[in-house]
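# give me a 3D structure for the following:
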Amino acid sequence: MINNKTSIKGDPMADLQRSAIAHRAIWTGLTYVKAKETGKANEVEKIIREAIAQTGKMQGNEIKKQCTNPDSVKCFADTFLTGSTLKTFEVEFKVKNNDKMEMEFHHCPLLKGWQDAGIDDETCVKLCDMAMDGDRNIAKSMGYDFKLTDTIANGYPTCKIAFSKKK
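The predicted structure is shown next:
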């Protein structure tokens, strides 16, 4: 059972960002659902993953340019996750230092969009994994390791995400 509720409510910037993210997620989600219905799920998944990976690389390269110290995971975190993004995803940092960042997302607006579009839980899990290709490639662009364990889409209370320096 997916529990993707918000606790930060009535914040105009977070609400606006959630709405925009959910809208984009619905496009991708329904594109994948329509591909499944026509027997083209594998082909379209490959295309979606490639597009999301490219987006992650582009975003990661831009973040790297903006970081005053790209070798510091803390600097990366402060550049990548702005105040409105922290509120939008209801991010809680567990660790944030120069070597690693561990955080939990308490809400996912992408998942909310897929749920609002009536997409089933199993497909939401698949779409979540595709979406995380963006973060995986942000980490690659930064030269970091990336770890995703629990996800809200898989029925956990939070998404547990970590970026760390390569060992």
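# from Asp71, how far out is the one residue sitting closest to the centre of the chain?
The central residue of the chain, meaning the one whose C-alpha is nearest the mean C-alpha position (CA atoms, centre = their mean), is Met132 at 5.2 Å. In this structure, Met132 and Asp71 are separated by 24 Å, where distance is defined by CB to CB, to the nearest Å. (Glycine included, C-beta is placed from N, CA and C.)
# how about Asp99?
Using CB to CB, Asp99 is found at 10 Å from Asp71.
# and Ala51, by the same measure?
Using CB to CB, one gets 29 Å for the distance from Ala51 to Asp71.
# joint contacts of Asp99 and Asp71?
Shared contacts of Asp99 and Asp71, defined by CB atoms under 8 Å, 6 or more residues apart in numbering, are found at Lys165.
# buried set for stretch 105-120?
Of the residues in stretch 105-120, those buried by neighbour count under the rule 16 or more other CB atoms under 10 Å are 105-115, 117, 119.
# show the average pLDDT along stretch 16-29.
Here stretch 16-29 scores 97 as its mean pLDDT.
# buried residues, it. List them.
Of the residues in stretch 16-29, those with enough neighbours to count as buried (16+ other CB under 10 Å) are Gln17, Arg18, Ile21, Ala22, Ala25, Ile26, Thr28, Gly29.
# biggest separation within the residues you listed, which pair?
Comparing every pair within the buried residues of stretch 16-29 by CB to CB identifies Gln17 and Gly29 as the most remote, at 18.0 Å.
# strands of the protein, residue ranges please.
When secondary structure is read from DSSP state E, the chain shows strands at 91-96, 100-105, 144-148, 159-165.
# quick one: the nearest residue to Asn97 once chain neighbours are set aside from Lys34, how far?
What sits nearest to Asn97 in space, not counting adjacent residues and going by CB to CB, 6 or more residues apart in numbering, is Lys74, at 5.6 Å. In this structure, Lys74 and Lys34 are 42 Å apart, going by CB to CB.
# neighbour count for these two, which is higher?
Neighbours around Lys74 and Lys34, counted as other CB atoms under 10 Å, are more numerous at Lys74. The numbers are 17 against 12.
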